[in-house]
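> structure, please.
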Amino acid sequence: DGFSAAFSKKSGEMVSFKSEGRELLAAPLAPNFWKVPNDNQYRSSYLKTVAPWRSAAADRQLKRFETEAVSGGAVSVLAEAKLPLANSLLRTRYLVRGDGSVTVSFQYEPGEGKLPLIPKVGMTTSVSSRFGNVAWYGHGPQETYWDRKTGGEIAIHHATVEEMIHPYCRAQDTGNRSDVRWLTLTDSSGAGLRITAGKEVINFAVWPFTMADLETATHSYQLPRRDALTLNIDHQLHGVGGDNSWGALTHPQYTLPGDKPYEYSFTLSPIAAKQ
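Residues are numbered from 1 along each chain as shown. I've put the predicted structure just below:
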């Protein structure tokens with residue numbers, strides 16, 4: 001009672017998630033394989049290597065969309081799409097439960113042949129800017145990445161959205177938190193959205209601007225503040241590297257080969273306002 005979830009039969013994306021009459025998403029929950037480069041990567045061959053993935057999610061072709069009632073009054077929604085790179089497969093399954101939660105399972109299966117490194121394996125959406133309070137259980141309080149996280153204590157952390165982003169001189173990828181078990185985005189009343197990791201920990205970042213804003217700006221002061229917050233919920237990101245800033249690539253163990261399968265899951269749950 002009191003919630004609804006809507007899906008597009010054209011894209012396979014979850015386009016609406018309402019609780020108690022309030023919309024929790026400001027944009028569809030969509031797959032994403034692109035990451036804005038950091039300064040190390042702008043100065044190496046990284047961009048040329050990963051370029052084919054820039055539009056891979058947007059160019060996917062939905063081949064299968066099915067819904068099915070399952071036990072316990074839940075509904076399973078399956079969206080299966082072909083990616084343009086070597087006919088790789090992307091399968092997204094949503095389990096919509098009667099308690100108002102939705103578990104999202106993401107699977108990438110590579111096609112035949114050699115595929116370039118993937119910048120990011122994950123999903124992205126937007127939420128209202130009123131959800132400006134962030135809490136998470138994972139590395140923090142500062143930003144952390146796959147190959148830059150041992151300095152972040154695993155604990156429950158709290159921050160505002162503005163505190164989540166690092167104001168680099170050059171605008172670049174920013175604000176990721178790694179090894180996250182759960183996170184919440186809430187407004188002043190305490191209402192909002194909770195994301196809980198599945199069997200494996202996840203990465204997330206929340207920005208008061210879009211990915212396009214971040215990639216277009218050359219300096220942080222040029223980044224606008226939008227009415228909606230960009231929310232990235234990711235399995236993993238290509239490491240930041242940093243042995244030097246004039247050509248050294250990220251160590252291989254912190255990269256995402258395109259010819260390997262990847263999967264992860266997380267659950268979206270509405271949070272009611274505090275009484």
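
> what ranges do the helices span in the protein?
39-42, 46-50, 161-164, 211-216 (DSSP state H).

> do I have it right that Met123 meets Phe106?
Yes: contact status for Met123 versus Phe106: in contact at 6.4 Å, counting by CB atoms under 8 Å. To be clear about C-beta, it is placed using only N, CA and C from the backbone, and glycine gets the same treatment.

> can you pull the residues that touch both of the two?
The contact sets of Met123 and Phe106 overlap at Pro31 (CB atoms under 8 Å, 6 or more residues apart in numbering).

> more neighbours: the two, which one.
Met123 (24 against 21; other CB atoms under 10 Å).

> can you pull the pLDDT of that one?
Each residue has a pLDDT score; the one for Met123 is 98.

> out of the helices of the chain, deepest packed?
helix 39-42 (a mean of 19; mean count of other CB atoms under 10 Å).

> now do that helix: everything it contacts.
46-47, 168, 170, 172, 238, 240-242, 245, 248, 250.

> if we go to 6 Å?
The contact list for helix 39-42 (CB atoms under 6 Å, 6 or more residues apart in numbering) reads 170, 172, 241-242, 245.

> please apply the same query to stretch 222-233.
By CB under 6 Å, 6+ apart, stretch 222-233 touches 26, 123-127, 129, 195, 204-210, 213, 217, 266.

> ditto for stretch 83-94
By CB under 6 Å, 6+ apart, stretch 83-94 touches 31, 52, 56, 59-60, 77-81, 102, 104-113, 115.

> next one: stretch 16-34
By CB under 6 Å, 6+ apart, the list of residues contacting stretch 16-34 reads 2-6, 13-15, 53-54, 56-57, 90, 100, 118-120, 122-128, 193, 228, 270.

> now the residues you listed: which count as buried?
3, 5, 13-15, 53, 56-57, 90, 100, 118-120, 122-128, 193, 228, 270 (16 or more other CB atoms under 10 Å).

> from those, which land in strands?
3, 5, 14-15, 90, 120, 122-128, 193, 228, 270 (DSSP state E).

> closest to Asp187 out of those?
Nearest to Asp187 among these: Ser128, at 7.8 Å, using CB to CB.

> would you mark the buried spots in stretch 134-145?
Here stretch 134-145 shows 134-140, 142-145 as buried, counting by 16+ other CB under 10 Å.

> gap between the two ends of that stretch?
18 Å (CA to CA, to the nearest Å).

> could you do stretch 153-167 as well?
End to end - CA to CA - stretch 153-167 spans 21 Å.

> show me which positions of that stretch end up buried.
Buried, per 16+ other CB under 10 Å, within stretch 153-167: 154, 157, 159, 161, 164-165.

> residues in contact with it: which ones?
132, 134-137, 139-141, 143, 174-175, 206, 208, 220.

> could you report the neighbour count for Lys63?
Lys63 has 12 nearby residues by other CB under 10 Å.

> and if you look at Thr186?
Thr186 has 19 nearby residues by other CB under 10 Å.

> what does the model give it for pLDDT?
Reading off the model, Thr186 has pLDDT 98.

> that one: what's its closest spatial neighbour, skipping adjacent residues?
In space, not counting the residues next to it along the chain, Thr186 is nearest to Gly192; the distance is 3.4 Å by CB to CB, 6 or more residues apart in numbering.

> I'd like to know how far the one you found sits from Glu20.
12 Å (CB to CB, to the nearest Å).

> looking at these two, which has the bigger crowd around it?
When neighbours are counted by other CB under 10 Å, Gly192 and Glu20 differ, and Gly192 comes out ahead with 25 against 13.
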